[in-house]
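Undergrad: Let's see this in three dimensions:
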Amino acid sequence: MIKIALVFGLLAVSVASGLAINPFLLGRKQVKQIGMQIWQNEASRRKDLLVHWNEHEHFPSFGIGHNIWMDSPEGNSLQQFLVLCEYFEKHKVVLPKWLQEAKKTGGLPWKSRIEFLADADKLYQLRNLLSETVNLQVSFMLEKLDNWWKTVLQKSSEKNKTILIKNFDLMRSSLLGTYALVDYLNFKGGGLSTDDNGYCHCCGLTQVLLDMPDNLTVKNVNAAFAVSSARALLKLIEQSAPSYKQVRFLDGWMKRVGTYANKDLFL
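TA: Got it, this is the predicted structure:
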């Protein structure tokens, strides 16, 4: 049984921009809607894929945001699963004892992917934990968005800051826009020079917001964000020339960013 002491009232990212547009306030229902769509994007809303070890990767990933757990006790900005576990405990989620112990050392409790796949008991516990904490995982992502926003405002030029604030505020004024910001940040990172090298700085959230056109309104900002996201991802694929290995992701990536402009997504 998972015990959660967090009560979801109204969640909002701290915009700190001083503009008139207020961020969209998220209640429990809206948080769940965002979580289920991100789960759809990352794992086709399948419970078994909440715990996954791709045969082409050297580490497993967990949760609706596919948080990585590497076999290393050293800190890594990409290694977010243990950070998520800390967040769970902060909000009174009781972790399995074996996970509590593994979290202390930082290393994986499995020596290989084969051993991981054979450990049915631990995988069962993890899938239950992660399927029952969707709202908390979204709250964790909202905090990441908030932290990124504070950092990007500190590091941007005045010219870029003006563009970022305008577009970010417009996006945060709706549930769809808030979802798009949270999902893209989780998907491709913030695009800051302080990001881990695992993220490409040409296609992060910062670049997507900066490359959006001028004179946007609440009526067309989501479409503009979707187009800017698609353009950034196409640039990433183009940079994989001459092999174009990343073109295999093209269909899935375009479907994903297409949801950012779907006004009926949360009806």
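Undergrad: what about residue 107, which helix or strand?
TA: For residue 107, there is no host helix or strand (DSSP states H and E).
Undergrad: Please tell me how far it sits from residue 182.
TA: Separation of residue 107 from residue 182 (C-beta to C-beta, to the nearest Å) stands at 30 Å. All C-beta spots, glycine's among them, are computed from the backbone N, C-alpha and C.
Undergrad: ok, now residue 89?
TA: For residue 89 relative to residue 182 (C-beta to C-beta), the value is 22 Å.
Undergrad: Compare neighbour counts for the two and give me the winner.
TA: residue 182 (23 against 14; other C-beta atoms under 10 Å).
Undergrad: That one is in contact with residue 142, isn't it?
TA: Yes. The criterion here is C-beta atoms under 8 Å, and residue 182 meets it with residue 142 at 6.4 Å.
Undergrad: All the helices of the stretch 151-267 of the chain, in order from the start?
TA: Using DSSP state H, counting those that start in this stretch, the helices of the stretch 151-267 of the chain run over residues 158-171, 175-188, 205-210, 221-238, 250-258.
Undergrad: okay, and for the stretch 51-200 of the chain, where does confidence drop off?
TA: 72-78, 193-200 (pLDDT under 70).
Undergrad: all strands of it, in order?
TA: Taking DSSP state E, counting those that start in this stretch as the criterion, the stretch 51-200 of the chain contains strands spanning 51-52, 61-62, 67-68.
Undergrad: Of these, which stretch is the most buried?
TA: strand 61-62 (a mean of 22; mean count of other C-beta atoms under 10 Å).
Undergrad: And that strand, what does it pack against?
TA: Using 3 or more C-beta pairs under 8 Å, 6 or more residues apart in numbering; DSSP states H and E, the elements in contact with strand 61-62 are strand 51-52, helix 81-90.
Undergrad: Next, the residues that contact that strand from outside, please.
TA: 50-54, 67-69, 81, 84, 126, 130 (C-beta atoms under 8 Å, 6 or more residues apart in numbering).
Undergrad: how far away is the residue most central in space within the chain from residue 138?
TA: By C-alpha atoms, centre = their mean, the chain has its centre lying nearest to residue 186, at 2.2 Å. Remark: distance between residue 186 and residue 138 (C-beta to C-beta) = 10 Å.
Undergrad: got it, and residue 250?
TA: Taken as C-beta to C-beta, the span from residue 250 to residue 138 is 27 Å.
Undergrad: quick one: which of those two has more around it?
TA: residue 138 (28 against 14).
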